[in-house]
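> please work out how this folds:
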Amino acid sequence: MKAVLEESPEEAAENRVSGMDHAAFNRLRWRCTRRAFLELDLALGHFLDTGFQDLDEEEREAFVALAELEDHELWALVSGKEKCANALWAKVLARIRSNQDYPHTRKTS
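Coordinates of the predicted model:
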């Protein structure tokens, strides 16, 4: 009889993701958590663990495309310093921002 082991948060998030194979999800996790900006590591990694599974397929593709951007360009979008012209990307960015507990990603009025 095999012992049941608790899943790590990363494994739990990965197991909730549909439509993406294990290797592709691992590549995405690496891309999201091995950034040159610690702020992006935290924001993207947290979203991947807690919000990514709630995205539809089109939004997931947008998230993957965003993760492929250069750090300075992506941080400007995530932090809200730059406006995003792509409506789908803007929707995903808003979800990333609303999912964070980090002061630097909260929208201020």
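
> below-threshold pLDDT in the protein: ranges please.
The model of the chain has pLDDT under 70 over residues 1-19, 101-109.

> which residue ranges of it form helices?
9-16, 22-33, 38-50, 57-67, 71-78, 87-98 (DSSP state H).

> the inter-axis angle of the longest one versus helix 22-33?
Read it as helix 38-50. Helix 38-50 runs at 140 degrees relative to helix 22-33, counting by axes from the mean of the first three to the mean of the last three CA atoms, to 10 degrees.

> against which helices or strands is helix 38-50 packed?
If you count contacts as 3 or more CB pairs under 8 Å, 6 or more residues apart in numbering; DSSP states H and E, helix 38-50 packs onto helix 9-16, helix 22-33, helix 71-78, helix 87-98. Yep, even glycine has a C-beta here, placed from its N, CA and C like the rest.

> can you show me the CA trace of the third one as PDB?
These are the backbone C-alpha positions of helix 71-78, laid out as PDB (Å, rounded to 0.1, in the frame of the first residue of the first chain):
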ATOM      1  CA  ASP A  71      11.100  41.900 -17.700                       C
ATOM      2  CA  HIS A  72      11.200  45.700 -18.000                       C
ATOM      3  CA  GLU A  73       8.300  45.700 -20.500                       C
ATOM      4  CA  LEU A  74       6.200  43.200 -18.400                       C
ATOM      5  CA  TRP A  75       6.800  45.000 -15.100                       C
ATOM      6  CA  ALA A  76       5.600  48.300 -16.700                       C
ATOM      7  CA  LEU A  77       2.400  46.500 -17.600                       C
ATOM      8  CA  VAL A  78       1.900  44.600 -14.300                       C
END
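
> pull the residues that contact that helix.
With contact meaning CB atoms under 8 Å, 6 or more residues apart in numbering, helix 71-78 is reached by 35-37, 39-40, 43-44, 66-67, 69, 81-82, 84, 89, 93, 96-97, 105.

> rerun that using 7 Å as the cut-off
Outside helix 71-78, the residues within contact range by CB atoms under 7 Å, 6 or more residues apart in numbering are 35, 36, 37, 39, 40, 43, 66, 82, 84, 93, 96, 105.

> now it: buried residues?
Of the residues in helix 71-78, 74, 75, 77, 78 count as buried by neighbour count, 16 or more other CB atoms under 10 Å.
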